[in-house]
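Visitor: A structural model of the following input is requested.
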Amino acid sequence: MSATIQSGLDRWLNDGVPGADCIVEDTADAMTIADAHLDASALALADESSSRLVLPYTPFPRQQEFHRSPAKYRLFGGAAGPGKSKALLMEAILQAHEHAGANSLLMRRTFPELEASLLLYFRRDVPRELYRAFNDTKHVVSWWNGSTTRFGYSRSENDIYQYQGAEYLFIGVDELTLFTLKQWQFLTSRNRCPVPGAYANMAAASNPGNIGHAWVKSLWIDKQAAPGMERPAEYDPEDYAFIPARVWDNPIYATDANYLKTLHALPEHLRRAFLDGDWDVFAGQYFSNFDPARHVERAERIGFADWWPRWISMDWGFEHPAAVYWHSQDKTRTVTYREFVRQHMSPRNLAHEIVERSRGERISNVYLSPDAFARRTDETSIAEQIGDVLAANGLPRPVPADNDRVGGWLLMYQMLDAGEWMITENCAELIRTLPSLVRDSARVEDIEKMDGDDAADAARYGLKSRMRLQTGANAPFDQRIAARVTSSDPTIRAIQARKAELDEQRRSGPISFARHHPRPGTPLR
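Guide: Below is the predicted model of the structure:
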């Protein structure tokens, strides 16, 4: 008894589409490529008496599900041990044989990773008679039907451009969360094939975690556009399929008591990621203590009082989204209760949106990302344009936010730990972003910068700047100057700024401790 494995391209073979030149069968012993269209020389080189080329691969049920999926972009795995990398390699081989003369590409982030996984499996598990040649320098396999499979990597962000100009019927990316969204998007532009009847598609395998966790989770798990996508409206969830698999889906490891014991003994966050495939917790996660059940609440259940102080914080952006948050505070906790996140909005239009959403509220402070005070879109800075609109509508002008990244992240973590920071459930972008932030590998106290961290930056500005105000710590020089520039008239603003700078210089001038000698005849006291 045998079941046909069709590599996710059922309609090609079932409908007899021209160019579908191989059938893959799953037998009790191995997967075989039965190809009636291989030319005579290929058959002679493979086996003079038979047209069957044996590929020693018996896919597990979850691997079969991965191979059969018709989605344009497939993600396989989520946990450790279900045979993700092996399935990705075999998928590339199957597609190379489905269309003669087609190219395929298999990727890892670094060459050592490539050599220890995909290249290792290829050299170990693919019989030599299945391919015409392997270029060990370029890491390219040439198959008997004229197709090729290239093993590649992209150690740096820009290494991905070495594939510019190439075209691949199939692209497989192993450990996708090690890649950035920009790298993935570039690879999608290389996913094309001129062979008639070909259906260009991509697949990936990955565990939760690492720098790409947020965008991968968005596209495949949450089924929504990823942060950093320039045209999020073009995202089609029907193009993406997630095939979850855990260690128990691999018969080899499902009964391996020692390996299972090792996974169970991992720290909580690693165990949940590698054993359970939990995309809400993973290695390197900064806010591992963020729990929506504890830290997220419905706004109407907060019980806001009129006397609670309210303030706004924002991270300016145009190509990257601008993120704005409203905060309030009672005696024991801070509540972030409103968000506005928007891309491609001018400073003045952004300010009008803030005004509209703040009507009827007494806002004491507005904290703005420091770079907005230097950047300009016309004769005035971004901060001045926002400030003019806010001031004209009775709101405070923005002042530079406290941009102490390490101190700000730590404060947020500590407030979550102590239950001193609540977020209302309408702040969807902030709630989605916090769990996805990972530690910077070079500066472990900081968080790795990534597309989509605008919401977290804006929230950090609000909490850290307010804490500095409450503790009486000295505000940064720029913030002290900006706080004293209140006029909307450019000339008066310049005068106010200059006067504030002179006052600051006098306050910070040296104090003389020289001994004062009394004048002759002055009585001593």
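Visitor: when you work out contacts or count neighbours from here on, use the C-alpha atoms and nothing else.
Guide: Fine.
Visitor: pull the number of nearby residues for the closest residue to Glu361 other than its chain neighbours.
Guide: Nearest residue to Glu361 in three dimensions, chain neighbours excluded: Arg310, at 7.8 Å (Cα to Cα, 6 or more residues apart in numbering). Neighbourhood size, Arg310 [other Cα atoms under 10 Å]: 20.
Visitor: which ones are touching Arg310?
Guide: Residues near Arg310 by Cα atoms under 8 Å, 6 or more residues apart in numbering: Trp326, His327, Ser328, Gln329, Glu361, Arg362, Ile363, Ser364, Asn365.
Visitor: show me where the stretch 1-150 of the chain has helices.
Guide: With DSSP state H, counting those that start in this stretch, the ranges of helices along the stretch 1-150 of the chain come out as 10-14, 40-46, 61-68, 84-98, 111-116, 118-125.
Visitor: check the ones you listed for me and report the most buried one.
Guide: Per residue and on average, the most neighbours among those fall to helix 84-98, with a mean of 24 (mean count of other Cα atoms under 10 Å).
Visitor: now it and helix 118-125, what's the angle there?
Guide: 70 degrees (axes from the mean of the first three to the mean of the last three Cα atoms, to 10 degrees).
Visitor: check which helices and strands helix 84-98 sits against.
Guide: helix 61-68, strand 103-108, helix 118-125, strand 148-153, strand 170-174, strand 201-206 (3 or more Cα pairs under 8 Å, 6 or more residues apart in numbering; DSSP states H and E).
Visitor: elements contacting the shortest one?
Guide: When you say that, I think you mean strand 170-174. Under the contact definition 3+ Cα pairs under 8 Å, 6+ apart, strand 170-174 sits against helix 84-98, strand 103-108, strand 201-206.
Visitor: hey, C-alpha coordinates of it in CSV?
Guide: Provided in CSV are the C-alpha atoms of strand 170-174 (Å, rounded to 0.1, in the frame of the first residue of the first chain):
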residue,chain,number,x,y,z
PHE,A,170,11.4,27.2,-4.7
ILE,A,171,13.1,29.0,-1.8
GLY,A,172,13.4,27.2,1.6
VAL,A,173,14.7,29.1,4.6
ASP,A,174,15.7,27.1,7.7
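Visitor: what lines up beside it in the sheet?
Guide: The strands beside strand 170-174 in its sheet (DSSP bridges) come out as strand 103-108 (parallel), strand 201-206 (parallel).
Visitor: which SSE is immediately downstream of the last one?
Guide: Scanning forward in sequence from strand 201-206 by DSSP states H and E, the next helix or strand is helix 213-216.
Visitor: how about the nearest residue to Ala133 once chain neighbours are set aside, what does it touch?
Guide: In space, and not counting its chain neighbours, Ala133 is closest to Ser142: 5.2 Å by Cα to Cα, 6+ apart. Each residue near Ser142 by Cα under 8 Å, 6+ apart is listed here: Tyr131, Arg132, Ala133, Phe134, Thr148, Thr149.
Visitor: quick one, which of those residues are buried?
Guide: Neighbour counting by 16 or more other Cα atoms under 10 Å classes Tyr131, Arg132, Phe134, Thr148, Thr149 among the contacts of Ser142 as buried.
Visitor: verify the contact between Ala323 and Ala455 for me.
Guide: Yes: using Cα atoms under 8 Å, Ala323 makes contact with Ala455 at a distance of 5.4 Å.
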